[in-house]
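J.: just a sequence and a predicted model for now, questions to come.
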Amino acid sequence: MNKDITRDGKANGSSQSVITTQDVNLWYGATHALLDITMEIKTNNVTALIGPSGCGKSTLIRVFDRMNDIIDGCRIEGKVYFRGKNIYDPDVDVIEIRKRIGMIFQKPNPFPMSVYDNVAYGPKVHGITARSHLDEIVEKSLRLAALWNEVEDRLDQSAIGLSGGQQQRLCIARALAVEPEVILMDEPTSALDPIATAKIEDLITDLRKQYTVVIVTHNMQQAARISDFTGFMYLGKLIEFGRTVQIFERPGQELTENYITGRFG
Ligand SMILES: Nc1ncnc2c1ncn2[C@@H]1O[C@H](COP(=O)(O)OP(=O)(O)OP(=O)(O)O)[C@@H](O)[C@H]1O
Ligand SMILES: [Mg+2]
């Protein structure tokens, strides 16, 4: 079988890795939260991380953009290559990494400012000042995030007035505005209703044409629906990693099978 055939049978056009980890171990003080994680994130694919609460999914996704740096007592060993460069090397510019690898959190966290300013914020920080250019970026990002039609006549209103699902799509637009290469999402739909969730899922499926997406989810149906690759984690270990169809239909490990069939978790 062609290795580039995705879950839905369409060629995804790429089997290149954008992020590769090698023997990553991470501790919070004395807690050993990640054990020997070696894995690859493939370009233009959606990779889902699943596993029971506390298994290390959020910790691992934060490893990819050095978000754990800001946690006191957190120590990491091993290598995390982003396009061939170890992002934990001392000469790496963390701001640059976070521009190229965006993060969406569980709870939508729009800034307390207008819809427009939320999206323009990142590009402004990165030096774009011309109003016409910012207008262009704001519209393009909101369209990509499937939100434009709902907010085009309220760009100057506060983002806090949007619904939860709209706020989450705004956060996605805000992430897209700085043209990242990878988008990390930590349970992006767990605070949303089914309709808003479906919109975000459609959006993620669209996004992978241009971006690489890594998503943490508690919802196994969601992982099966939207991801190309799935990693199953348990007690800080990556127990199994592979094509989503394989993980769900022919898991290679008993632990994976027990989890996806709902025997624990
Ligand atoms: N800031 C922190 N300080 C200390 N320990 C932490 C911290 N964050 C996470 N941990 C611990 O690391 C382990 C992994 O936690 P993590 O949040 O990555 O799990 P998770 O798989 O995302 O869980 P959930 O599904 O509940 O979000 C847990 O034992 C957790 O208690
Ligand atoms: Mg988590």
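T.: It's in. Note that the coordinates shown come from a computational prediction; the quantities given were computed from them, not determined experimentally. Ligands and ions are numbered 1, 2, ... in the order given.

J.: distance-wise, check the closest residue to Ser158 other than its chain neighbours relative to ligand 1.
T.: Distance criterion C-beta to C-beta, 6 or more residues apart in numbering; nearest residue to Ser158, sequence neighbours excluded, is Ser114 at 6.2 Å. Just so you know, the C-beta spots here come from the backbone N, C-alpha and C atoms, and that holds for glycine as well. Separation of Ser114 from ligand 1 (C-beta to the nearest ligand atom, to the nearest Å) stands at 31 Å.

J.: and Phe264, by the same measure?
T.: Counting by C-beta to the nearest ligand atom - Phe264 and ligand 1 are separated by 14 Å.

J.: kindly report the same for Phe105.
T.: Counting by C-beta to the nearest ligand atom, the gap from Phe105 to ligand 1 is 11 Å.

J.: likewise for Glu181?
T.: Counting by C-beta to the nearest ligand atom, the separation of Glu181 from ligand 1 is 23 Å.

J.: that residue touches Tyr211, doesn't it?
T.: Yes. In this structure Glu181 lies within contact range of Tyr211 using C-beta atoms under 8 Å: 6.8 Å.

J.: still on that earlier bit, could I get the pLDDT score of the residue nearest to Ser158?
T.: With respect to pLDDT, Ser114 has a value of 98.

J.: need the contact list for it.
T.: Counting by C-beta atoms under 8 Å, 6 or more residues apart in numbering, Ser114 makes contact with Leu155, Asp156, Gln157, Ser158, Ala159.

J.: how about a cut-off of 10 Å?
T.: With contacts taken as C-beta atoms under 10 Å, 6 or more residues apart in numbering, Ser114 has the following neighbours: Ala120, Arg154, Leu155, Asp156, Gln157, Ser158, Ala159, Ile160, Gly161.
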